[in-house]
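>>> build me a structure from this.
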Amino acid sequence: MALVTANRFNTLRQQIDNVLGNGSGDSGYGQTLVTQSVQVGDVINATNINNAYEDLRKAYKHQTGGNPASNVIQAVQQGDLIIDNDGVNYTGWDQYEALATLISTNRLTVDVNQQDVVVGLPNNRSTWNGTITLIIEVNFASADARRYYFNQGGFIRIASNTTDSSSKGSDWNSIMGGNLDFSAHATTSTGSGTVYAIGNYELDGNVQRIYERIDAGGGAYSANDYFVDVQSTSATQITFTITWRDEAGGNPDEDISNLNCDIYTATAITDVIGTAPGLVKGSGSSF
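Reported below is the predicted structural model:
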């Protein structure tokens, strides 16, 4: 029989809280736990253990998209005998501790079905040429809200394109192609530009480049550039500056029509509930 002491139970609760609750740094989803700490001398009953199961289940489902399988961990029934390692009913304390370790290891992972990815700020310019910039301010309610958003697997997506079907428009689409996602510890792109290994936790207060395609066009458009910079302007604000630099124009230098740049948020849903940051076009934009 497992001796589930107050210390052992509270250690498990702290592991869960580090992931599902407040945590610190790049750990913590900002959710309220149903598991409560116990005092020395308290009887740890089925309700205590099943509350721990429920909190573990929420974090696990957020990360994987489904509840733990019955051969991983199960809730307990009143009258069950709790043993250290239960390879039959999977209600052993080893099973609970192992799942707590697993959700900690995978804390920055989120299942695609546990997020709501939406356009938070669409932007459009009917015609353009030369150098234009779009400044996007991402505003969080607090420093912890910013942590929770990225810890839950949230990201800021930048997606640019033009519906201009001219040779220059098509060339610009090849330069801008793909989604650029800024997340907790990384920036990723489905395009073919240079991506820098910078995420929310790598920001240092200075302007930092996260993506660029310099001299990326073809033929007469070879000098054209597209790049994205980011800066942590305060504990509650991140600012992105997106630049389109049309340096080569062909003969004559054609204008481009209908440039779109959509900014997306990715917010946790279902068992872990997140809050999307606010998105605002910043002053100084020429978009």
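
>>> longest single helix anywhere in the chain?
helix 46-64 (DSSP state H).

>>> for the chain, which spans come out with low pLDDT?
Low-confidence segments of the chain (pLDDT under 70): 1-3, 248-252.

>>> so what's the residue nearest in space to the middle of it up against?
In the chain, the residue lying closest to the centroid (Cα atoms, centre = their mean) is Gly154, at 2.1 Å. Gly154 is in contact with 115, 183, 265-268, 274, 276, counting by Cβ atoms under 8 Å, 6 or more residues apart in numbering. Placement of C-beta: from N, CA and C, glycine included.

>>> so it, which of the three states?
Classification of Gly154 by DSSP: H, G, I helix; E, B strand; the rest coil places it in coil.

>>> that older thread, now do the buried residues in the longest helix of the chain.
Of the residues in helix 46-64, 46, 48-53, 55-64 count as buried by neighbour count, 16 or more other Cβ atoms under 10 Å.

>>> what's the next helix or strand after that helix in contact with?
Counting by DSSP states H and E, the next helix or strand C-terminal to helix 46-64 is helix 93-105. Contact partners of helix 93-105, identified using Cβ under 8 Å, 6+ apart, comprise 2, 4, 8, 12, 15-16, 18-20, 27, 49, 52-53, 56, 59-60, 63, 68, 72-73, 82-86.

>>> chain center to helix 93-105, what's the gap?
Between the mean C-alpha location of helix 93-105 and the chain-wide mean there is a distance of 23 Å, by Cα atoms, centre = their mean, to the nearest Å.

>>> return the distance of Gly205 relative to Asp26.
According to Cβ to Cβ, to the nearest Å, Gly205 stands 18 Å off from Asp26.

>>> same drill for the two, tell me which one is more crowded.
For Gly205 versus Asp26, neighbours defined as other Cβ atoms under 10 Å are more numerous around Asp26 (15 against 9).
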